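A.B. asks: Fold the following for me, if possible:
(2 chains)
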Amino acid sequence: MIRGSRKSWQYFGLGLAWFFLLLWPLMGIRDGQFHFAEAFGVWLRAAVGATICFGLYRLGKAGRLDGVLNPLGAARDAVGGALARAPRWMLLVPLAAFALSYPMLTNRYAQDVAINVLVYICLGLGLNVVVGLCGLLDLGYIAFYGVGAYTYALLSIHYAVPFWLCLPVCAAFAAIAGCLIGYPTLRMRGDYLAIVTLGFGEIVRIVINNWMALTGGPNGLLGIKSPGIYLPQLVDGSFSLEYLVIRKLEYLYYIILALAVFTIIAVHRINFSRIGRAFEAIREDETAAELMGVDTFRFKLLAYALGAVFGGLAGAFFAARMRFVSPESFTFIESAMVLAMVVLGGMGSIPGVILGALALVALPEMFRGFELYRMLAFGGAMAIMMLVRPAGLWPAARLGKRSDDTE
Amino acid sequence: MDYLFQQLINGLTLGGVYALVALGYTMVYGIISLINFAHGEIFAAGGYLGVILLSYMASQGLMASHPWFGLAFALILAMGYCAMLAMAVEKVAYKPLRSSSRLSVLLSALGMSIFLQNGLMLTQGVYDKAYPTEFTHGGFEWLGVRVSFMQIGILAVTGLLLVLLNALVFKTRIGKAMRATSQDKVMSALVGIHSDRVISTTFAIGAALAAAAGIMVGLYYGSVRYDMGFVPGIKAFAAAVLGGIGNITGAMIGGLIIGMVEILAAAYIPHGGEYKDVFAFVILIGVLYFMPTGIMGENVDDTRV
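C.D. replies: Below is the predicted model:
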């Protein structure tokens, strides 16, 4: 025990020394001189943080923290049990009340963050159909978001088609794009599929970036209309409909809330339908699923199309809200963010994905002061999460191990 | 005709660089079946270290007196640095995940890639960093084709590294251990090969090659940028797949083909320059669709793909 502990501390010290060796050349050689103070300062901060984490980890492993962790674990189990026993409406009603009254309770900034979270919930749940349910790793998912956004943008600018009419069109276009991407790629498995979808995502972005005549290239498209609604009005006893353009953030919030709720219900229904079962069968063992009569190719294509639909809807909303689209919003890093939400939250688990979106969009907002370090922390957190909790924060109830994972 | 030859020379230069990066992907994939997303960032780190070292030497007046010696020195230091960096990445992000699902490792690699890219951005800034200009001039014309000394240097270094790598893999003990591990990890462990050490070495060698490629790309284009690793990384992976993943000769040929196609497409297809990044992806998709094992055949246990 003691020896094992000493050895691990030795390795830890070695790791820190190694880290300094890697850090210093990047920070210490400038203007023809060697500098040490700056690199050492950064290293010291990282080292102190890492030492504390490692110390806690060792203590936990040695069982010294049981006094703290056990009550915490017991409390978590008790809360979880109580939640599971309570009827569903007792949870949903307060939640719905909170969601509906949210714009009245909060300011503009908080509404902005909430809208972002909801957009990412739509995207995360859409990707969840592909990755979480069907087990197809897609690294180019943001392309469908882009297709949705540009479809609405173009229809709105050139033909002044209203938002509500565009929503199904955007969903359909995204689904078609999903099929187009899915058709040639779905014969591949695992890593190859991941890299090819990444390639497709990049192709879509490059095309958007260079097709000046249609998409405006890197300058993007301006002048997209906001969504509008007809409100019935009684003026002087006569009934009329008044057209109201929704520009206010709080009304936009309700639109995306409705889209998110639609997505949640739809994904839930898919999850527990025959199709969802087929997806899960494909995820767990494709060969066995095929043997049992699941048309794997068709179902995989369907998974792509269904996932793309939600991406397209979210994209249409994004264009309507920003009233501006440009290729910058559809980069690979966005795909990675959405994928991280699905995986960190818990693949295949709807509350997990919602939690993941909340964690990855709302948490960084709280640390605005460290904005520069945001992506650094994001990348590091992604790697660390895979080490400590690979199943995600809120794992799905049923999740097996893919047959081709085992060596 | 001259124009064609000019483009072929350019394509050869670029293709050699892709080949160097592709080797890192293909060797790592051959051994642990992982798309090492962080490899592109290691390539970028190599480019940055080249800038840092060459600028330092230039400010000390060393570049004026011994430019090629300085360049070789920077190349070797950057290769060593990136080997250390890759070994650290492997130890932190891949080794503990050896027995978990492949999705976990892939995401860990993705996380590491984002981490390294932002680490570069934070330490080096968001703007392009220019290479010292000692090497960018000079060259000669031969039958109407302009060849710069830089291109000859890149081709020479690439060729030398490829020969060295071949010797390492096919002539030395560690090379034999690498080949054995990539064929059957369990069996090679049974006969006494330390697989962790072999995997670390593989990462280190791949990273050293990527670092050299980073410096040469920096010299060729004159500057480096913190996010320069991503697209060349994907193209190099495409090259590795094209050649047959896990296959070292295949990666070299694949790299040359991708480089050639990119340059020729940019030169001869209308609007090809704007869409030049698309061609590598199209080749990747086409190869995977029609010829999933690449042109040279892949060298991976087929239960894993």
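A.B. asks: Where does the spatially most central residue of chain A sit, in terms of helix or strand?
C.D. replies: By C-alpha atoms, centre = their mean, the mean C-alpha position of chain A lies nearest to A:Val338, the distance being 2.7 Å. Using DSSP states H and E, A:Val338 maps to helix A:332-345.
A.B. asks: For that helix, buried residues please.
C.D. replies: A:332, A:334-345 (16 or more other C-beta atoms under 10 Å in any protein chain shown). Yep, even glycine has a C-beta here, placed from its N, CA and C like the rest.
A.B. asks: got it, and stretch A:13-30?
C.D. replies: A:16, A:18-20, A:22-29.
A.B. asks: and if you look at stretch A:382-389?
C.D. replies: For stretch A:382-389, the buried set under the neighbour-count rule, 16+ other C-beta under 10 Å, comprises A:382-386.
A.B. asks: Provide the contact partners of that stretch at residue level.
C.D. replies: Applying C-beta atoms under 8 Å, 6 or more residues apart in numbering or on different chains, the external contacts of stretch A:382-389 come out as A:340, A:343-344, A:392, B:92-93, B:96-97, B:100, B:104-105, B:107-108, B:110-112, B:114-115.
A.B. asks: Show me how far it is from its chain's centre.
C.D. replies: Relative to its parent chain, stretch A:382-389 has a centroid offset of 16 Å by C-alpha atoms, centre = their mean, to the nearest Å.
A.B. asks: now swap in stretch B:191-210 and tell me
C.D. replies: Computed by C-alpha atoms, centre = their mean, the chain-centroid distance of stretch B:191-210 equals 16 Å.
A.B. asks: Likewise for stretch B:166-180?
C.D. replies: Its chain's average C-alpha position is 19 Å from that of stretch B:166-180, according to C-alpha atoms, centre = their mean.
A.B. asks: same deal with stretch A:377-387?
C.D. replies: Distance of stretch A:377-387 from its chain centroid, counting by C-alpha atoms, centre = their mean, is 15 Å.
A.B. asks: and the buried residues of helix A:332-345 as a markdown table, adding pLDDT and distance to B:Gly233?
C.D. replies: Output for these, formatted as a markdown table (pLDDT from 0 to 100; distance: C-beta to C-beta, whole Å):
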| residue | pLDDT | distance to B:Gly233 |
| --- | --- | --- |
| A:Phe332 | 88 | 11 |
| A:Glu334 | 90 | 18 |
| A:Ser335 | 91 | 15 |
| A:Ala336 | 88 | 14 |
| A:Met337 | 89 | 19 |
| A:Val338 | 92 | 20 |
| A:Leu339 | 90 | 17 |
| A:Ala340 | 87 | 19 |
| A:Met341 | 89 | 23 |
| A:Val342 | 89 | 23 |
| A:Val343 | 85 | 21 |
| A:Leu344 | 85 | 24 |
| A:Gly345 | 86 | 27 |
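A.B. asks: Those also near chain B: which ones?
C.D. replies: Filtering the buried residues of helix A:332-345 for proximity to chain B (criterion: C-beta under 8 Å from any C-beta of the partner chain) leaves A:332, A:336, A:339-340, A:343.
A.B. asks: closest to B:Phe140 among the residues you listed?
C.D. replies: When those are compared for distance to B:Phe140, the smallest value, 40.7 Å, is given by A:Phe332; criterion: C-beta to C-beta.
A.B. asks: does the closest one really touch A:Phe200, like I thought?
C.D. replies: No - the criterion here is C-beta atoms under 8 Å, and A:Phe332 misses it with A:Phe200 at 11.2 Å.
A.B. asks: Just the buried residues of stretch A:382-389: which are in helices?
C.D. replies: Among those, DSSP state H puts A:382-386 in helices.
A.B. asks: Can you tell me which of those is nearest chain B?
C.D. replies: Proximity to chain B was ranked across these by C-beta to the nearest C-beta; first place goes to A:Met382, at 2.9 Å.
A.B. asks: buried residues in stretch A:296-303?
C.D. replies: Judged by neighbour count using 16+ other C-beta under 10 Å, the buried positions of stretch A:296-303 are A:296, A:299-303.
A.B. asks: In the stretch 201-305 of chain B, what residue lies closest to chain A?
C.D. replies: Proximity to chain A, evaluated over the stretch 201-305 of chain B using C-beta to the nearest C-beta, is greatest for B:Phe281 at 3.6 Å.
A.B. asks: What count of nearby residues applies to that residue?
C.D. replies: Applying the criterion other C-beta atoms under 10 Å in any protein chain shown, we find 22 residues in the vicinity of B:Phe281.
A.B. asks: circling back to that earlier point, contacting chain B as well, which ones from the buried residues of stretch A:13-30?
C.D. replies: Among the buried residues of stretch A:13-30, the residues that sit close to chain B (C-beta under 8 Å from any C-beta) are A:18-19, A:22-23, A:25-27, A:29.
A.B. asks: TSV for the residues you listed, including pLDDT and secondary structure?
C.D. replies: Below are those laid out as TSV (pLDDT from 0 to 100; DSSP: H, G, I helix; E, B strand; the rest coil):
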residue	pLDDT	secondary structure
A:Trp18	91	helix
A:Phe19	91	helix
A:Leu22	90	helix
A:Leu23	90	helix
A:Pro25	88	helix
A:Leu26	87	helix
A:Met27	86	helix
A:Ile29	84	strand
